[in-house]
Every structure is written in structure tokens, then in C-alpha cells.
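Student: Provided below for reference: sequence and predicted model.
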Amino acid sequence: MTASISDLGIIIHQVRFGEADKFVFIVSQHHGLIKVVAKGARRLTSKKSPHLDNLNLIKFQTNRGDIPQYLSQVETVNAFSEIKADLKKTRTCFYLTEILHRTLAEGEPDEALFSNLKKFLEDLNLSAESACRHLAIEFQHYLINRLGFPPPKSNEPSALVSYFESLIDRPLVSARIKIG
């Protein structure tokens, strides 16, 4: 049985589970990548549902118990509304969170990674659209160094997609999203 968790985190992925539940993947400040079950989160009357959007910075608590733990409380700290209002920024974030979801090991605390992800989202939320690409490239290079992967052969931005696809041995779905 594991202890309950009370932490700050960023939601990077969700999967429908059962009739009304969700698996929620959170990069947390003190516990690394964790997977929790949000019971009833897909019901219209759920009080948790509005807080469980991808890219939300949340304060959350889980119940004690076996893995996966159940989300007991959640509160939005920052919804990054400027990112969500811009399709290019949203696509960029989904691409980066897909990389995080596929490369991070569950339960490995990394406060520096969390801080840099939070700073990236805050900077992107406040930045002009022209700075979006530069911020994303900078964060990708940070990820490569932080996670201990060898540097890519090419520093071209377009080569980073194929580099990450080769690391995870599968195509990145979010990299193929086209904006009209």
C-alpha cells in the first residue's frame, strides 16, 4: 500500500477508462510522472472534470492505496488559457507532452524537469506566436540533455521530430497535426 500524495502537477495525458472514469498522467513536482484514476471524471456532474484538462497546472491529492492511486481532490492553479486559445501553441504543447509521456519513467522524481516544464508553459502562455518555435526547440534540447539521451546528429528543428521518434520507436501523432 502506498501513501497518499499531495503535490503540484501538470496534466500531460488522459485515457478514458470504464464508463465514467479517466486515467490521468501527471508530471508532479515531487513524485515525477504518476498515473492516477479520476473516478467519475467523465460524468456531467463531476466536480473534478473542469480541472482535468491537458496542460493544466493543478494542486491535487490522492488516496492511500495500491497503484494506480485514486484522485481525491484537484484544484486548477493555472489553465494556461492563452496557449489553449492559440492552435499553434496548443499543437506545440501536445507534441512536447507526448514526448514526455513516452520517455519519462513513472515515479522518478525530477523537480528540475517539472520546474522547466512549468516555466516553458508560463513563457509560452505570455509569448508572441513568433517566439513559440524558439521556446519549443530550446525545451526539446533541454529534455535531450536532462534525460541523458545522446545529442541528435543534426540541430535542425525538423530533425528533432525524427530524433524523438527514433528514441521511442514509434511515430509521434501530435507532430502530424496540421493547422489550416
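Tutor: Right, received. Where do you want to start?
Student: ok but residue 25 is inside a strand, no?
Tutor: Yes: looking at residue 25 with DSSP: H, G, I helix; E, B strand; the rest coil, it is inside a strand.
Student: State the distance from it to residue 123.
Tutor: Relative to residue 123, residue 25 is positioned 22 Å away (criterion: C-beta to C-beta, to the nearest Å). Just so you know, the C-beta spots here come from the backbone N, C-alpha and C atoms, and that holds for glycine as well.
Student: now the strands: where do they sit in the chain?
Tutor: Along the chain, the stretches classed as strands by DSSP state E are 6-17, 21-28, 32-38, 57-62, 69-78.
Student: Let me have these in a markdown table, extended by mean pLDDT, distance to residue 91 and mean neighbour count.
Tutor: As requested, the strands of the chain are arranged in a markdown table below (pLDDT from 0 to 100; distance: least, C-beta to C-beta, whole Å; neighbours: other C-beta atoms under 10 Å):
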| stretch | mean pLDDT | distance to residue 91 | mean neighbour count |
| --- | --- | --- | --- |
| strand 6-17 | 94 | 15 | 18 |
| strand 21-28 | 95 | 19 | 22 |
| strand 32-38 | 93 | 22 | 21 |
| strand 57-62 | 95 | 19 | 20 |
| strand 69-78 | 93 | 20 | 17 |
